[in-house]
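> Give me the fold of what follows.
(one chain, ligands or ions: 2)
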Amino acid sequence: MILGITGGMGCGKSTATRIFEEMGFRRIDSDALVRDRILTSPECVAEAKRRFGAEVIVTDAADCGQIDRPALARVLFADEAKLRAWEDFVLPRLYVLWREQLEGDRAANWVVEAPLLYEKGLENWFDFVVCVASSSATQFARLAERGVSHTLAAQRISKQLPLAQKIEKADFVLSNDGSTDFLRDQIKHLAARLV
Ligand SMILES: CC(C)(COP(=O)(O)OP(=O)(O)OC[C@H]1O[C@@H](n2cnc3c(N)ncnc32)[C@H](O)[C@@H]1O)[C@@H](O)C(=O)NCCC(=O)NCCS
Ligand SMILES: Nc1ncnc2c1ncn2[C@@H]1O[C@H](COP(=O)(O)OP(=O)(O)OP(=O)(O)O)[C@@H](O)[C@H]1O
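Numbering: from 1, shown residues only. Ligands and ions are numbered 1, 2, ... in the order given. Predicted coordinates for the structure are as follows:
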């Protein structure tokens, strides 16, 4: 079985996905794959430099020559056309990595964290889609604790499908306004029903 986990930025997708992993699921973290496998590839670094210039490349410190993600994010989230074109470049590479991992263990139960699952029409990859939801106050407060400003978070969230629509589309919804134990209890019940 392959579960897709989606939800708004900071709603708790990674937290929920890790809890599924504790319960025996194999986990795929799409943000980590983009960050560690795709954005670090020489092909992708060259493409970022070609499209957006040297300002998105780190020039000092240990990561010299790598993509400067905060700088790239500033360029992309300020310009919808650039963001969509960049997604078109990155996402096919992400799907190759998904396929490699999923095909490597077809018997496993998988949980795949995919922030843009509905935005990119990825439902067919999954047996079920689970949306992790929290109020926008909780979402912003938790992101602020992680050092993400309200402005930056609001700019990214504005590029995502509204959470209410993700909730309506999903097969299951996890409520993440409470403690992580409350989230874990919901996931225990759901996993027991699905597996
Ligand atoms: C813009 C980039 C460089 C920012 O990197 P950064 O390390 O700051 O963020 P990270 O990748 O960890 O993403 C954190 C969160 O931002 C949000 N986010 C990321 N990309 C997007 C996007 N294209 N549209 C809307 N929200 C996004 C998601 O909620 C995600 O969980 C990076 O996110 C990127 O290259 N994104 C394009 C690839 C993509 O669409 N990834 C989503 C996988 S389904
Ligand atoms: N139930 C909870 N109680 C307290 N803190 C939580 C809870 N759920 C998540 N958090 C915290 O809120 C922050 C956002 O959670 P998480 O990283 O799981 O969300 P996300 O949806 O994966 O975010 P992003 O879209 O940025 O990848 C994290 O710092 C996490 O530790």
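
> Any idea what Arg26 is bridged to?
Beta-bridge pairing of Arg26 under DSSP bridges involves Trp110.

> Check the gap between Cys44 and ligand 2 for me.
Distance check for Cys44 against ligand 2: by CB to the nearest ligand atom, to the nearest Å, it reads 20 Å. In short, each C-beta sits where N, CA and C put it, glycine included.

> hang on, that residue in a helix?
Yes - the assignment for Cys44 is a helix, going by DSSP: H, G, I helix; E, B strand; the rest coil.

> And for it, the neighbour number?
When counting by other CB atoms under 10 Å, one arrives at 19 neighbours for Cys44.

> Need the outlier residue of this protein, farthest from its centre.
The outermost residue of the chain relative to its centre, with distances by CA atoms, centre = their mean, is Asp60 at 28.0 Å.

> So that residue: helix, strand or coil?
Assignment for Asp60 (three-state DSSP): coil.

> ditto for Cys64
Criterion first, three-state DSSP; result for Cys64: coil.

> Mean confidence (pLDDT) on the helix or strand hosting Glu168, please.
In the assignment (DSSP states H and E), Glu168 maps to helix 163-169. Mean per-residue pLDDT for helix 163-169: 98.

> what is the rounded mean pLDDT of the next helix or strand after it?
Next along the chain after helix 163-169, taking DSSP H and E as the criterion, comes strand 172-175. Taken as a whole, strand 172-175 carries a mean pLDDT of 98.

> And stretch 31-48, by the same measure?
Throughout stretch 31-48, pLDDT has a mean value of 98.

> Endpoints of that stretch, how far apart?
Stretch 31-48 has an end-to-end distance of 17 Å (CA to CA, to the nearest Å).

> Which residues outside it are in contact with it?
Contacting residues not belonging to stretch 31-48 are listed as 14, 56-57, 65-67, 69, 72, 89-90, 93-94, 97-98, 113, 115 [CB atoms under 8 Å, 6 or more residues apart in numbering].
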